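A.B. asks: return atomic coordinates for the entry below.
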Amino acid sequence: MRRSELTDEAWAVIAPLLPEPGSGRGRWRDHRQVINGILWKLRTGAPWRDLPERYGPWKTCHERLRRWTADGTWDRILAAAQVHDDGTPVQWKISVDSSIVRAHQHAAGARKKGGSPASLATPDAQDGEAIGRSCGGLSTKIHLAVEGRGRPLSILLTPGQAGDNPQ
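C.D. replies: Down below sits the predicted model:
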């Protein structure tokens, strides 16, 4: 077993929380293989297209990550992992930190030289993106709250100009 792959114990906790395989054309790739591919990508930081063949097509792993993020599957897995983690209750000494991440102008829909107005100008373009203007340009702020042993309790994205205190 490789470092970035799920153990049998972790798989036993996660497997019941995953959606049923889709009913469409073809056969769905094994969930465990796909999750191992996602973990490899996140651990290495490599581009999706460099995903080793043993994890299946990169597009399958990317699409499953995107789909499970949208439908709340990863939130359910995090909640189960927090409950399962050594069976001890949460230590309510909470640490909160945030980090600002600059958004590339193309990712944020900013105006290109000589191009059309930015899609960022429309209210619908920002829904769920948490992109805002700060003195450094377009940015997003990532807030993370962890309990005493470092287990994540909450992750929140806000526009870059948002203050830490209201969160």
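
A.B. asks: what helices and strands are in contact with the one helix or strand Ala145 maps to?
C.D. replies: Ala145 is part of strand 137-146 when elements are defined by DSSP states H and E. Packing partners of strand 137-146 (3 or more CB pairs under 8 Å, 6 or more residues apart in numbering; DSSP states H and E): strand 95-102, strand 132-134, strand 152-159. Every C-beta, even on glycine, is put in place using the N, C-alpha and C of the backbone.

A.B. asks: reformat these as JSON lines; add distance to Ala79 and mean pLDDT.
C.D. replies: Formatted as JSON lines, the helices and strands packed on strand 137-146 follow (distance: least, CB to CB, whole Å; pLDDT from 0 to 100):
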{"stretch": "strand 95-102", "distance to Ala79": "19", "mean pLDDT": "74"}
{"stretch": "strand 132-134", "distance to Ala79": "28", "mean pLDDT": "71"}
{"stretch": "strand 152-159", "distance to Ala79": "10", "mean pLDDT": "80"}
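
A.B. asks: hey, what's Ile142 bridged with?
C.D. replies: Ser99, Leu157 (DSSP bridges).

A.B. asks: look up how far Asp71 lies from it.
C.D. replies: According to CB to CB, to the nearest Å, Ile142 and Asp71 sit 21 Å apart.

A.B. asks: higher neighbour count, these two?
C.D. replies: Legend: neighbour count by other CB atoms under 10 Å for Ile142 and Asp71, higher for Ile142 (14 against 11).

A.B. asks: break the chain into its domains for me.
C.D. replies: By the assignment in automatic domain parsing, the chain contains the domains 8-87, 95-159.

A.B. asks: columns distance to Arg2 on top of those domains, output as JSON lines?
C.D. replies: Converted to JSON lines, these look like this (distance: least, CB to CB, whole Å):
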{"stretch": "domain 8-87", "distance to Arg2": "8"}
{"stretch": "domain 95-159", "distance to Arg2": "24"}
